[in-house]
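[1] Prediction below, plus the sequence it came from.
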Amino acid sequence: KGINHQLLLNEKLKIVEQEIVYNTIFYADYLKSQIFLRSKKMQNPESLKYTKSDEWVKVDGNVATVGVTDYAQSQLSDIVYLEFLVEADDEISQGDSIVTLESVKAAADVNTPVSGKVVALNEDLTEGFESVNTDAFGKAWMIKLNLSDPSELESLMTADEYTKYCNTREH
């Protein structure tokens, strides 16, 4: 009876040791992921202009490309739906809503940083809206428009100004 009791204790001890090792590995992986996430700086391309409502605009000649920033998508979390509120050839004004995004956390409208005539919608986003989370400054552009008032760009933030603005909101 004493030998069986000792074997049972040894088996329980092995199970506890395995759980400790597993939990230690799990916690170490968790800590590594948290350190990575905190060290990952939001990269705001220098070639873009930014709004306080977290949109970006890239200007090439008279054509402006608009999307949402990495900061915006990170605050929304996983995007689950996207709907365009404008169509090609629409005349839109600075601040008009152009897209509705829905995420697992919230819904948000995307506003245009500049005025002009819509010349293209990124229709790929209606099916591939996850690129808003994975490539906010690339594949996830939302609309292109012909600028009607280039002076509106002067009221927008540079990458450095926007980064500082985002940092003040995180505290």
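    Everything's here; your move. Residues are numbered from 1 along each chain as shown.

[2] Tell me how far stretch 94-106 lies from the chain's centre.
    Relative to its chain's centre, stretch 94-106 lies at 12 Å (C-alpha atoms, centre = their mean, to the nearest Å).

[3] Can you mark which positions in that stretch are buried?
    Using 16 or more other C-beta atoms under 10 Å as the test for burial, stretch 94-106 gives Gln94, Ile98, Val99, Leu101, Ser103. Just so you know, the C-beta spots here come from the backbone N, C-alpha and C atoms, and that holds for glycine as well.

[4] Run through the residues that contact the nearest residue in space to Ile143 that is not next to it in sequence.
    In space, and not counting its chain neighbours, Ile143 is closest to Val66: 5.1 Å by C-beta to C-beta, 6 or more residues apart in numbering. Residues counted as contacts of Val66 (C-beta atoms under 8 Å, 6 or more residues apart in numbering) are 55-57, 98, 110, 112-114, 141-145.

[5] which residues does Val66 form a beta bridge with?
    For Val66, the beta-bridge partners under DSSP bridges are Val57, Ile143.

[6] ok, it to Glu17 distance?
    In this view, Val66 and Glu17 are 57 Å apart by C-beta to C-beta, to the nearest Å.

[7] What average pLDDT does stretch 49-59 get?
    Averaged across stretch 49-59, pLDDT comes to 97.

[8] Span of that stretch from start to end?
    With C-alpha to C-alpha, to the nearest Å as the measure, the ends of stretch 49-59 fall 9 Å from one another.

[9] Pull out the buried positions in it.
    By neighbour count on 16+ other C-beta under 10 Å, the buried set for stretch 49-59 is Lys49, Tyr50, Thr51, Asp54, Glu55, Trp56, Val57, Lys58.

[10] Among those, list the two that are farthest apart in space.
    Asp54 and Lys58 (15.0 Å; C-beta to C-beta).

[11] Check which helix or strand the residue sitting nearest the centre point of the chain maps to.
    Centroid check for the chain by C-alpha atoms, centre = their mean gives Gln73 as the closest residue, at 2.2 Å. According to DSSP states H and E, Gln73 maps onto helix 70-76.

[12] No further queries at this time; thank you.
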